[in-house]
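Asker: for reference, the sequence and a predicted model appear below.
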Amino acid sequence: MSTLAPSAPHDLTQVRPLRSRLMPYALLAPAVLVTLFIVFFPMVQAVVTSFYDLVLWKPNASRFVGFGNYIKLLHDPVFWTSLGHTAIWIGLTVPLQMGLGLVAALLLNREFPWRGLARALVIIPWALPSVVIALMWRWIYDPTTGVLNDILLYLSIIHSTVPWLADPHLALYAVIATLTWQGFPFFAVMILAGLQGIPQSQYEAASIDGASTWRQFVHITLPGIAPVLATAGLLRIIWVANSMDVIFVMTGGGPGYATHTLPLYAFIKARQNLDFGYGTAIAVTFTILLGAIVAVYIVRTMREVER
Amino acid sequence: MNKPSTLRRILTTDIPVIFIIMLAMGPFVWMILTSLTPTAQLSASGVSLSPAGWSMDNYIRLLEQTSFLGNMLDSLIIAAGTVVLGLAVSVTAAYALSRFRFPGRKLVMLQFLLVNMFPIVLLILPLFILMRKIGLLDTHLALILANSTVAIPFAVWMLRSYIGAIPRSLDEAAMIDGCSRLQALRRVVLPLAMPGIISTGIYIFITAWNEYLYALTLGGRNVRPVTVAIQTLIGEYQIEWGLLAAGGVVGALPATLLFLLVQRRLIGGLTQGAVKG
C-alpha cells in the first residue's frame, strides 16, 4: 500500500510485514474463490464438454470425439446462418440504439421545466425484465389483434395485416426493433453524462466566432462525447451479442431458423435436443469470436483504471 | 437572443421530448391498458382506452387462480440472496483492490472484468451439468449462485470505485488511533461507502429479479421465479393477453419502482464505473 502512497505519513506496512502483505489476499479470497467455483470451473468444464459427444438423455453415452464437434460445426449450414444473423443483429441494433440514444440525450440536455421527470421516464425500458419486454412486443406485433398493424392500417402505410414475427424475412428485423427500443435509454443516459462534461464556454466561444449549430455539433459535441460513445458502444456490442432472452421468448429462433443467433443456437441445441457436447462447442466458438471485441474493451478499461 | 421565446422552446424541445418519452413509455403503457381490459372485451373490441371499460378482473384472476404470489416469493428469495452473497464477498475484495498494491492485483481486476463479459450461454450449460451433479437443480441456492456469476464481478467493480473515492487518510488515521485494518474497514470505510453499497445492492436486486435464462434452465418445478411464471400464463389453446399483461405489470413493478427510487444515484455510479449495461 505504501509504495504507491508516498504522502502516507506513517509506513504501517513496515511494522507487521508478513501480515500486511497477506492481508489483501485474505480480503480477496472469498470473492475469488466463489468466482472460481461458479465461473472458471464451469468454463473449463464447458471447454472439456465441447470435446465430447454428450447427449444428456443417453446415459453413459459420453464419448471423447476430439475436435469432432468443431468439424461438424463447420459443415453445419445452420451455424453459418446463425453467424450471419449475429452479424446483422449486432450491426443493426447497436448503431440504431446509439443513434436514437444520441437524439434522446441531445434533447434531454436542453433546458425545459420538466427535464428531471423526462430523464427518469426515458429509462423505464431499461428496468423492465426482458421476458416482459418480449411478451409485450409479441402482443404489439400480433398479426390479428396487435396494435402495430392497427396503427399502420389506420395511417394507410400498409394495406393488409403483416405477420411481423411469422414472416421469415421480417422476423429478425422485428426483434431488432424491440431490442433497439430496450437498449436506447442506456445510450441516452451515458451520452447525457458525456454531454454534461463539455464546458459551456466552448459553445459560447464558438457562437461568438459565428459557428452554426451544426458546426458546433461536429466540432465540439461529437469530439466531447467520443470517448463515451466508444466505451458505451463496445459494452453494448458485447451485451447485444450475448443477449438471447428477448429473441428466445419472442420467436424461439423461428420461424424455421430465421431468428437464430449463435448463442441462441447453442442454447436451443442443448435445451431442446439435450445435445450438450455440440451446444457447448457452439458456445465456445462464439466466445472466441466475441473475444476480440472483449479484448479491446478490457485494454481500454484497464488503461483508464490505472490512469 | 439569449432567451429563446417559450413558444420556440416548446416547438423545438418539449414536443420532440414528448415524442421520445411516448416512444419509451408507449409499449409499457399499452400493456397496462391491456391488463385493465377484461378478457371478454379484449377479444370483442380490443384494448379499452377509456377508464369506463377498465376493471381489475385480470389482476383478481392472477392472484386467485394462479400461484403468482408464490412465484413473487421465489423471486424475492433469489434476488435478496444474490444481494447478500454478492455484497458480502465483494466489499472486502473491493477494499483490498482500492487500498493495497500487491503482486497479482491487476490480474485479479482483469479477472473480474473478464467474467462480466462472458456469454451467459457458455456458463449456463456447464452450470446446469454442475448443479445436476451436486443435486442443487431446482433450488433457490442454485439460482442465487448462478446470479452471482454476474453480481459479484459487477459489485467488485462498482464498490472499488466508491471506496476509491473515500480518502485513504481516513482509514490511516483510524489505524493510528489503534484500529486494526478490519476495524478501520468496518468503522470508517463501510459507513462512508454505505450509499454506494446500497445502490450496488439495489442494482444487483433488479438484475437478479429480472433474470430469465438461468431461472428457466436451473429452476422449474419447485422454484419458479416470476420471469418464468409469466410465460406459463399463456393459455393452453389461445394466448390470454389480459392475464399475461397483468402478470407482466405485477412482475415488473418491484424492479421498476426500486429503479425509479434510486435512478439518479445509480446512473451516476454506472456511468462512472461503466461495467455493465
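Answerer: Arrived safely.
Asker: and the nearest residue to A:Thr49 once chain neighbours are set aside, what is it in contact with?
Answerer: Distances taken as CB to CB, 6 or more residues apart in numbering or on different chains place A:Thr280 nearest to A:Thr49, at 4.5 Å, with adjacent residues excluded. C-betas here are computed from N, CA, C, even on glycine. Counting by CB atoms under 8 Å, 6 or more residues apart in numbering or on different chains, A:Thr280 touches A:Ala46, A:Val47, A:Thr49, A:Ser50, A:Ala266, A:Ala270, B:Leu122, B:Leu125, B:Pro126.
Asker: touching chain B at all, stretch A:118-131?
Answerer: Yes - Stretch A:118-131 comes into contact with chain B (CB under 8 Å from any CB of the partner chain), by way of A:118, A:120-131.
Asker: can you give me the buried ones in that stretch?
Answerer: A:118-119, A:121-131 (16 or more other CB atoms under 10 Å in any protein chain shown).
Asker: which of the contacts of A:Thr280 are buried?
Answerer: A:Ala46, A:Thr49, A:Ser50, A:Ala266, A:Ala270, B:Leu122, B:Leu125, B:Pro126.
Asker: element containing the last one?
Answerer: Going back to what we said before, that points to B:Pro126. Per DSSP states H and E: B:Pro126 is located in helix B:120-133.
Asker: show me what the helix or strand that comes right after that helix packs onto, helices and strands only.
Answerer: Per DSSP H and E, the first helix or strand lying C-terminal to helix B:120-133 is helix B:140-164. Applying 3 or more CB pairs under 8 Å, 6 or more residues apart in numbering or on different chains; DSSP states H and E, we find helix B:140-164 packed against helix A:17-35, helix B:68-99, helix B:105-117, helix B:120-133, helix B:190-210, helix B:213-218, helix B:241-273.
Asker: again, 6 Å this time
Answerer: Under the contact criterion of 3 or more CB pairs under 6 Å, 6 or more residues apart in numbering or on different chains; DSSP states H and E, helix B:140-164 touches helix B:68-99, helix B:105-117, helix B:120-133, helix B:190-210, helix B:213-218, helix B:241-273.
Asker: just want the angle from the first one to helix A:17-35.
Answerer: What it means is helix B:68-99. Here helix B:68-99 points in a direction 150 degrees away from that of helix A:17-35 (axes from the mean of the first three to the mean of the last three CA atoms, to 10 degrees).
Asker: chain center to helix B:68-99, what's the gap?
Answerer: 11 Å (CA atoms, centre = their mean, to the nearest Å).
Asker: mind listing what's buried along that helix?
Answerer: For helix B:68-99, by 16+ other CB under 10 Å, it's B:68, B:71-72, B:74-83, B:85-87, B:89-99.
Asker: show me which of those residues neighbour chain A.
Answerer: Checking these against chain A by CB under 6 Å from any CB of the partner chain, the ones in range are B:Val89, B:Ser90, B:Thr92, B:Ala93, B:Ala96, B:Arg99.
Asker: count the neighbours of A:Tyr278 for me.
Answerer: The local packing of A:Tyr278 (other CB atoms under 10 Å in any protein chain shown) involves 27 other residues.
Asker: also A:Pro163?
Answerer: 16.
Asker: what's the answer for the one 4 residues further on, then?
Answerer: The tally of other residues near A:Asp167 (other CB under 10 Å) stands at 15.
Asker: picking up where we left off before, save the buried residues of stretch A:118-131 as TSV, and put in secondary structure too.
Answerer: TSV is the format used below for the buried residues of stretch A:118-131 (DSSP: H, G, I helix; E, B strand; the rest coil):
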residue	secondary structure
A:Ala118	helix
A:Arg119	helix
A:Leu121	helix
A:Val122	coil
A:Ile123	coil
A:Ile124	helix
A:Pro125	helix
A:Trp126	helix
A:Ala127	helix
A:Leu128	coil
A:Pro129	coil
A:Ser130	helix
A:Val131	helix
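Asker: now those residues in a markdown table, with pLDDT?
Answerer: Listed next are the buried residues of stretch A:118-131 as a markdown table, based on pLDDT from 0 to 100:
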| residue | pLDDT |
| --- | --- |
| A:Ala118 | 84 |
| A:Arg119 | 83 |
| A:Leu121 | 84 |
| A:Val122 | 86 |
| A:Ile123 | 84 |
| A:Ile124 | 85 |
| A:Pro125 | 87 |
| A:Trp126 | 84 |
| A:Ala127 | 84 |
| A:Leu128 | 88 |
| A:Pro129 | 89 |
| A:Ser130 | 89 |
| A:Val131 | 90 |
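Asker: now for those, which pair is the farthest apart?
Answerer: A:Ala118 and A:Val131 (27.0 Å; CB to CB).
Asker: what parts of the stretch 151-300 of chain A come near chain B?
Answerer: A:186, A:189-190, A:193, A:231, A:235, A:238-239, A:242, A:245, A:263, A:266-267, A:270, A:276, A:279-280, A:283, A:287, A:294, A:298.
Asker: redo that, cut-off 8 Å
Answerer: Residues of the stretch 151-300 of chain A that fall close to chain B, judged by CB under 8 Å from any CB: A:181, A:183-186, A:189-190, A:193, A:231-232, A:235-236, A:238-239, A:241-242, A:244-245, A:248-249, A:263-264, A:266-267, A:270-271, A:276, A:279-280, A:283-284, A:286-287, A:290, A:294, A:297-298.
Asker: just those residues: which are in helices?
Answerer: Among these, the residues falling in helices (DSSP state H) are A:181, A:183-186, A:189-190, A:193, A:231-232, A:235-236, A:238-239, A:241-242, A:245, A:248-249, A:263-264, A:266-267, A:270-271, A:276, A:279-280, A:283-284, A:286-287, A:290, A:294, A:297-298.
Asker: on that earlier part again, quick check: which of the helices and strands packed on helix B:140-164 is buried the most?
Answerer: helix B:213-218 (a mean of 24; mean count of other CB atoms under 10 Å in any protein chain shown).
Asker: wait, does it contact chain A?
Answerer: Yes - Helix B:213-218 is in contact with chain A by CB under 8 Å from any CB, via B:Leu213, B:Thr217.
Asker: and that helix, what's its mean pLDDT?
Answerer: For helix B:213-218, the mean pLDDT works out to 89.
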